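[1] Let me see the structure of the following:
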Amino acid sequence: MAYRVILVEGNQQMLERLSGVIRSAREFELAARYQRAGDALGQGSVFKPDIVLVDIDSNDNVSLLEDFVATFSAASVFCLSDKWTPSDSEVIAKAGARGFLIKPFTADELQEAVATFAKTGISAGAEVFSFFSSKGKSGKTTLISNLGFSLAQKTGQQVGIIDADVQFGDMAVFLNVAPKTTILEAARDINFLSPVTLNGYFAPVDDNLRVLCGTSRPEYAEQIGIKNFTEIIAMARSMFRYILIDLPQGFNPISIAAAEASDVTYHTAMINGGFEIQHMQRALEIFKAWPDYENRVKTIFTRVSPCDKEERHKLSQALGYPVAAIIPNEYMLVSAAANNGQMAMRVEPDSMFAQTVNRLADDIIGKTHIRWGNP
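    Sure, this is the predicted structure:
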């Protein structure tokens, strides 16, 4: 059965072009087209559309989005524009529109938009979490991948992982994916993308979980501009409910930009008998430049043994700052899972590692599972 489409486009030339695209798309039928939004609102209901495409380059049409959503309550309203901006996403989501397309679009892009936004409408409420470490070998890549899996499973919503360790990121290897595109291509193309086309740069990992992988060669990192990188984060907010960003170690332009663009930055360190506490304290001094750093910076220690409430309290006292979570030392489980291209959460879902990651996911979601108790 074909999708019945109503097209609203003020420019006559663009109206003709997009009409041709819709007619050529498989499983789509152009039921009606209008140059004036008022005409569409007054006459369009008789066509019983499944999809309504509305040009929002006209301010008048933007102000009528809620009317379109109410009038065509049985249809999905998609917005069209010459260029995507973060403010568009907020307006579209608030009005209740389902998705967004940059015009002119192709038949494939139209089909992809409908398929993508069928799972989740465009969102302005995404939460972005960056994972920072002062030194390498903090366990954050393991944590991010398993936490992303947990969030996707618990919520059934879209979760995106961005491997922003642009020189030596290994999320692709860790998650056993072979990406066709990476953060390099996404940054290069971002000015020509919309949320639906950016989604294609993320490789699927699991149900509701996708990853934008790091560069294939370290020297490519120099080609990723900070402005384009932050644009990726801003656009990804329209596609995912949760975004987890794996950062390179230490303070550098990429890690600083990601932290600034994030809602929360998790400072992660692995307990190995070294100077983890001191390194984290020094980094926290830098984060204190944010007036709201106590709400935006949280700390996590990995490979903690014993992994219990008392040990977490000791670490908080030594650090002089609350420890948000501790992850147990289950090296054998995590290593075996990673070597087989799997996540420890799936291999042993009842392990202590899985339980603590699930608790962190619950904290992010805002839920508590009684059977796991307190850490």
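
[2] How about Asp170, nearest residue that isn't a chain neighbour?
    Nearest residue to Asp170, sequence neighbours excluded (Cβ to Cβ, 6 or more residues apart in numbering): Thr141, at 6.7 Å. Using the backbone N, CA and C atoms, a C-beta is placed for each residue, glycine as well.

[3] do Ile51 as well
    Using Cβ to Cβ, 6+ apart and skipping residues adjacent in sequence, the residue nearest Ile51 is Val5, 4.8 Å away.

[4] Verify the stated contact: the residue nearest to Asp170 with Met171.
    Yes. Thr141 is within contact range of Met171, at 6.2 Å (criterion: Cβ atoms under 8 Å).

[5] Common neighbours of these two, please.
    Asp246 (Cβ atoms under 8 Å, 6 or more residues apart in numbering).

[6] Low-confidence stretches in the stretch 251-375 of the chain?
    Along the stretch 251-375 of the chain, segments meeting pLDDT under 70 span 274, 367-375.

[7] what about the strands in it?
    264-270, 297-304, 323-328 (DSSP state E, counting those that start in this stretch).

[8] how about a markdown table for the ones you listed, with distance to Val347 and mean neighbour count added?
    Below are the strands of the stretch 251-375 of the chain laid out as a markdown table (distance: least, Cβ to Cβ, whole Å; neighbours: other Cβ atoms under 10 Å):
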| stretch | distance to Val347 | mean neighbour count |
| --- | --- | --- |
| strand 264-270 | 21 | 24 |
| strand 297-304 | 18 | 23 |
| strand 323-328 | 15 | 22 |
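
[9] Export those strands as CSV, with columns for distance to Gln167.
    CSV is the format used below for the strands of the stretch 251-375 of the chain (distance: least, Cβ to Cβ, whole Å):
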stretch, distance to Gln167
strand 264-270, 18
strand 297-304, 22
strand 323-328, 25
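
[10] Excluding residues flanking it in the chain, which one is nearest Val21?
    Using Cβ to Cβ, 6+ apart, the nearest residue to Val21 is Ala107, at 5.5 Å.

[11] show me what contacts that neighbour?
    Applying Cβ under 8 Å, 6+ apart, the residues near Ala107 are Val21, Ile22, Ser24, Ala25, Arg26, Phe28.

[12] okay, now the domains of this protein?
    3-119, 127-372 (automatic domain parsing).

[13] Give the rounded mean pLDDT of the first one.
    In other words, domain 3-119. In this model, domain 3-119 has a mean pLDDT of 90.

[14] The residue nearest to Ile51 should be in a helix, yeah?
    No. Under DSSP: H, G, I helix; E, B strand; the rest coil, Val5 falls outside any helix and is assigned strand.

[15] give me the number of residues near it?
    By other Cβ atoms under 10 Å, 26 other residues sit near Val5.

[16] For it, list the residues it contacts.
    Ile22, Phe28, Glu29, Leu30, Ala31, Pro49, Asp50, Ile51, Val52, Leu53.

[17] What of Lys137?
    Counting by Cβ under 8 Å, 6+ apart, Lys137 touches Met270, Asn272.

[18] what kind of secondary structure is it in?
    Per three-state DSSP, the local secondary structure of Lys137 is coil.

[19] Okay, it and Ile254: tell me how far apart.
    With the distance defined as Cβ to Cβ, to the nearest Å, Lys137 ends up 19 Å from Ile254.

[20] ditto for Val77
    36 Å.

[21] who has more neighbours, these two?
    Val77 (26 against 21).

[22] Now that one, what are its backbone angles?
    With angles defined as degrees, to the nearest 10, Val77 sits at phi -90, psi 120.

[23] is it in a bridge, and if so with what?
    Val52 (DSSP bridges).

[24] Correct me if wrong: it contacts Pro49.
    No. Judged on Cβ under 8 Å, Val77 makes no contact with Pro49 at a distance of 9.6 Å.

[25] Distance from stretch 108-120 to the middle of the chain?
    16 Å (Cα atoms, centre = their mean, to the nearest Å).

[26] hmm, who's touching that stretch?
    3, 21-22, 25-28, 51, 76, 78, 98-101, 105, 157-158, 196-197, 199-200, 208, 239, 241.

[27] What residues of it count as buried?
    Residues of stretch 108-120 classed as buried: Glu109, Leu110, Gln111, Glu112, Ala113, Val114, Thr116, Phe117, Thr120 (neighbour count, 16 or more other Cβ atoms under 10 Å).

[28] next one: stretch 61-80
    For stretch 61-80, by 16+ other Cβ under 10 Å, it's 61-62, 64-65, 68-69, 71-72, 75-80.

[29] and the closest residue to Arg36 other than its chain neighbours, what does it touch?
    In space, and not counting its chain neighbours, Arg36 is closest to Gly10: 7.5 Å by Cβ to Cβ, 6+ apart. Residues near Gly10 by Cβ under 8 Å, 6+ apart: Gln35, Arg36, Asp55, Asp57, Ser58, Asn61.

[30] Contacts only, for Ile56.
    Ile56 touches Val62, Leu65, Cys79, Leu80, Ser81, Asp88, Val91, Ile92, counting by Cβ under 8 Å, 6+ apart.
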